[in-house]
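A.B. asks: from the sequence below, what's the structure:
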Amino acid sequence: MEIGALVLAGGKSRRMNGKNKAFLKYENKSFIESIINQLAGFQNIYISVDNKEKYRKLNFTLIEDMYKDIGPMGGIYSALKVIKEKYVFVTACDMPKIKKEFIEYLCEFIAEDVECIITQDEEGRINPLAGIYSKQLIKKIENMIEEKDYKLVNLIKIVNSKIITLSQTDFSESILDNINDINDYNKLKSVDS
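C.D. replies: As a prediction, this is how the structure comes out:
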């Protein structure tokens, strides 16, 4: 199957007191190491970065944002433009609980007419990260960027999306926890210890 994996690591980590979230520790590994371990089944793993210098030590293809400071949409767009695969599984570097089994489950929904595969919670809130995006989206994302609309949720609404309700699967919603700030990280560490 033509699918690569992309870890979005281009954020500013402002709410983490400037500490780079990709290198925070969880279960004795950095977040990015934990995530990459779960992506081991992919032939190609790409890292989306705002600046290649910070991530030089990582032995993966680094994709620098073509559009700076527009969030995850910029990273996904830049990756879709340069990767050779038709699809990319996307996760953020602050989602250290992501699981290989969950990724494999999402891959089962890939179909010619589906442009993205994402999940939602019981209340219908969409989780645009930890999803699969198709190269078919490039033009639509370009149009949104031109209109300065950088919200992935808005993209998902206008394309042919497969939306899976997590509570109807065997997976816990906690595997998609984003560690956004110091409070989230302290909670994670208290469970981890």
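A.B. asks: helices of the protein, residue ranges please.
C.D. replies: For the chain, the helices defined by DSSP state H occupy 31-38, 72-82, 100-107, 138-146, 152-158, 182-192.
A.B. asks: which elements pack onto the helix or strand of the chain with the lowest mean pLDDT?
C.D. replies: Of all helical and strand segments in the chain, the minimum by mean pLDDT, DSSP states H and E falls on helix 182-192, at a mean of 80. Packed against helix 182-192, as judged by 3 or more Cβ pairs under 8 Å, 6 or more residues apart in numbering; DSSP states H and E, are the following elements: strand 25-26. In this view, the C-beta of every residue, glycine as well, is placed from N, C-alpha and C.
A.B. asks: quick one: residues in contact with the strand it packs on.
C.D. replies: 31, 34, 96-97, 188-189, 192 (Cβ atoms under 8 Å, 6 or more residues apart in numbering).
A.B. asks: could you point out which of these is nearest to L80?
C.D. replies: F31 (23.4 Å; Cβ to Cβ).
A.B. asks: what about the closest one, how many neighbours?
C.D. replies: Close neighbours of F31, defined as other Cβ atoms under 10 Å, add up to 27.
A.B. asks: who touches it in this structure?
C.D. replies: For F31, counting by Cβ under 8 Å, 6+ apart, the contacting residues are 21-25, 93-96, 179.
A.B. asks: TSV for these, including neighbour count and pLDDT?
C.D. replies: TSV is the format used below for the contacts of F31 (neighbours: other Cβ atoms under 10 Å; pLDDT from 0 to 100):
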residue	neighbour count	pLDDT
K21	25	85
A22	25	86
F23	16	85
L24	20	87
K25	15	89
C93	27	93
D94	26	92
M95	22	94
P96	28	94
I179	24	87
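A.B. asks: from these, pick the one nearest L166.
C.D. replies: Of the contacts of F31, the one sitting nearest to L166 (Cβ to Cβ) turns out to be M95, at 13.5 Å.
A.B. asks: by residue count, what's the longest strand in this structure?
C.D. replies: strand 126-134 (DSSP state E).
A.B. asks: how about that one: buried residues?
C.D. replies: 126-134 (16 or more other Cβ atoms under 10 Å).
A.B. asks: now could you export just the CA positions of it as CSV?
C.D. replies: Taking Å, rounded to 0.1, in the frame of the first residue of the first chain, the C-alpha atoms of strand 126-134 are listed here in CSV:
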residue,chain,number,x,y,z
ILE,A,126,-13.3,15.7,15.2
ASN,A,127,-9.7,14.8,15.9
PRO,A,128,-7.9,15.8,12.7
LEU,A,129,-4.5,14.5,13.8
ALA,A,130,-3.7,10.8,14.0
GLY,A,131,-5.5,10.5,10.6
ILE,A,132,-4.7,9.6,7.0
TYR,A,133,-4.6,12.2,4.2
SER,A,134,-4.4,11.7,0.5
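A.B. asks: fine by me, thanks again.
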